[in-house]
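1. Got a predicted model here, sequence first, then my questions.
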Amino acid sequence: MKTFLAKRKTLLKGLGWALLIALAVVVSVSTIHASSGIEPMGMSPLMFFIGMLFICIAIGMFAVLAGVGGGVIFTPLFMGFTPIDSYIVRSTGLFVAMAGALVAARPFLRRGIANIRLLFTGAVPYTVFAVIGALLAGYIQAHTGKGGEAFINGALGLIVIGIGMLFIFFGGKSEYPEVTHMDKFSAKLGLAMPYYEASLGKVVDYKLTRVALGMVLFCGVGLISGLFGLGAGWAMVPVFNLVMMAPLKVAATCSKVMISLGDTAAVWPYIVGGGMFPLFAVPSMIGLIVGTLIGARIMLKVKAGFIRYLIIAVMLFSGIRLVQKAIGML
Amino acid sequence: MTEERQIPKPLLSGIIYGEIAYWIALIGMGVSIIGIILYLIGMNQFFDPQVVLDGLFAGKDTTVIWQEAANSKVLHGHWYLEILAKSDAIAMLGISICCFAGVLGAWGSVVGMIISKEKPYIFLVFALIIAVILAMSAGGLISVH
C-alpha cells in the first residue's frame, strides 16, 4: 500500500509538471505574435515609469520569496514577453542585478559571513569571463544582425529552461557540507574563514575543497552572466555549496558580493556602447530594490512554497517563449 | 564542524569593500532618481522621452533609438559627462556612479589589504587583478566600439 501511495505521488507530481510544461508551450505559442505588435497606446513616459516601477516591485518581491535574484527573472521576462530590443534589456538586467548586489553586500562583509578570500578567488575567472561575455554581446549586436539576435534568444531560452529544471530536480542544498578530503590546491590557498553563526550561537569553522574545479565553473557562469545580462546567483550558490563545499550561508552571501564585482565589469561595455536608457533602467532599479526589501520583510510571514513554483513556471514560460522567438527569427 | 570560540573579526579589506560599494551605490541611486524626476517633468532633455518609449515598444535597436530620440548617432564612452546640463544625462551620471561603486570598492579593498598586511598575499594579487579589470572596463578601455 505504501509503495502504491509513493508511486502515485511521484506519478501525480510528474503529471503536474508535464501539464505545466504543456500549458507553458500553449500559452507561449498563442501569444508570440501578440507581443511583437505591442503599441505604447498613447502611454506617457510618466505612466511607463510608474508601470515599470510596479512591475519591478512585483518581480523583486516574488524573486526574494522564491529564493532567487531579481535579475534572473527580469531579463528573460522582458526579453520573452516585450518587444524591447534584447541588447537594451540585457544591459538593464545586468545593471539591476549589480545594483541590488552592491546594496546587499555591506552587512554580509561586516559580519564576516561572506568570505572575502573565497569570493576574490572566484571573482577572478567570473569577472574575466563576464567581460568577455559582455564584449561578445556587443559584437553580436553590431555585426551579426537577426542571426545573432536569434542565437541570443534561443540560447537564453534554453538556459532559462535549464535553470527552471535545476530548481525542480536538483533543488537540494547542504547547509553545512562535510569535507572529508581536501585537495592540495585548496589546502594551499587557505581560503576558509570561520564566522559567527547567530542562529547557532557558535563560531562555524569549515573547510573548502575542489577550488580549481570551482574556478573553471565560474568561467562558464561569468560568460553566461555577461552575455545574457543575467544575475548568476542561481549558478554561483551551487558551485560554492555543492562543488567547493562552503556552508550554504557563506555560499549565498559570497555569490551576492561576487555579482556586485563581476557584473560591474560586465555592465560598462553596455553603458559605453549606448545600450542603457535611464527611462527604462532607473524605474527597474528602484522597483527591484524596493521589491526585494518588501519581499524580505514578508518572507517571514508567508509560506513561500507556492511562490517558488510560480517563479519556476514563469521561467519555463519565458524560456519556451524565447526559443520560439529565436525559431521565428531564423 | 562547529566549535565554541571567540567571535572572529572580519577582514578589513571586506569591510572597506562593503562600505564603499554601499554608500557610493546609494549616492548614485539618489542622483539617478533626481535626474529621472527632472527628465519626467520635461526639464532640458537629451532624449525625447516619448520617442524613446515608442522606440522601445517598437523593438528598435539602440542605434535607431539614438537617431530618432536624440537626433544623434550613438556617442560611445561616457557621453553623459559632456552634456550634464541635460536631465537624462544627470540620471545617466547617477547610473554610472552606481556602477562605479564596485570599482572604488575593489580598489579600497586592495588598499585595505596593503594597510593591514593581510596574508597570504595571493589574495592581494587576486584583488588587484579584479580592481584593474574593473577600472579598465569603467574607463571604456574594454569595449567593442
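-> On my side now, so go ahead.
2. C-alpha from now on. contacts and neighbour counts both.
-> OK.
3. Double-check A:Phe228 against A:Gly154; I have them as touching.
-> No: with contact defined as CA atoms under 8 Å, A:Phe228 and A:Gly154 do not form a contacting pair (10.9 Å).
4. Next up, phi/psi of the nearest residue to A:Pro177 once chain neighbours are set aside, please.
-> Closest residue to A:Pro177 apart from its sequence neighbours, by CA to CA, 6 or more residues apart in numbering or on different chains: A:Met245 at 5.5 Å. Main-chain torsions, A:Met245, degrees, to the nearest 10: phi 70, psi 40.
5. Quick one: residues contacting A:Met245.
-> Residues in contact with A:Met245 (CA atoms under 8 Å, 6 or more residues apart in numbering or on different chains) are A:176-179, A:207-209.
6. Select only the buried ones of those in PyMOL?
-> Here is the PyMOL command that picks out the buried ones among the contacts of A:Met245, judged by 16 or more other CA atoms under 10 Å in any protein chain shown:
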select buried, chain A and resi 176+177+207+208+209
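7. Tabulate the contacts of A:Met245 (JSON lines), appending pLDDT and secondary structure.
-> Formatted as JSON lines, those follow (pLDDT from 0 to 100; DSSP: H, G, I helix; E, B strand; the rest coil):
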{"residue": "A:Tyr176", "pLDDT": "83", "secondary structure": "coil"}
{"residue": "A:Pro177", "pLDDT": "83", "secondary structure": "coil"}
{"residue": "A:Glu178", "pLDDT": "83", "secondary structure": "coil"}
{"residue": "A:Val179", "pLDDT": "82", "secondary structure": "coil"}
{"residue": "A:Lys207", "pLDDT": "89", "secondary structure": "coil"}
{"residue": "A:Leu208", "pLDDT": "91", "secondary structure": "coil"}
{"residue": "A:Thr209", "pLDDT": "91", "secondary structure": "coil"}
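8. quick revisit: A:Phe228 and A:Gly154: who's more crowded?
-> A count of neighbours by other CA atoms under 10 Å in any protein chain shown puts A:Phe228 above the other of A:Phe228 and A:Gly154, at 29 against 22.
9. Could I get the pLDDT score of that one?
-> Looking at A:Phe228, its pLDDT is 86.
10. In chain B, where is pLDDT below threshold?
-> B:1-5, B:144-145 (pLDDT under 70).
11. Go ahead and name everything in contact with stretch B:32-42.
-> Under CA under 8 Å, 6+ apart, the answer for stretch B:32-42 is A:45-46, A:278-279, A:282, B:45, B:49, B:87-95.
12. Report the contact partners of B:Tyr22.
-> A:102-106, B:101.
13. Likewise for B:Leu104?
-> Neighbours of B:Leu104 in contact, by CA under 8 Å, 6+ apart: B:20-21.
14. Please apply the same query to A:Met276.
-> A:88, A:91-92, A:270.
15. Could you grab the helix/strand/coil label for the residue nearest in space to the middle of chain A?
-> Closest to where the C-alpha atoms of chain A average out (CA atoms, centre = their mean) is A:Val72, at 3.2 Å. Following DSSP: H, G, I helix; E, B strand; the rest coil, the label given to A:Val72 is helix.
16. I appreciate the help and will end here.
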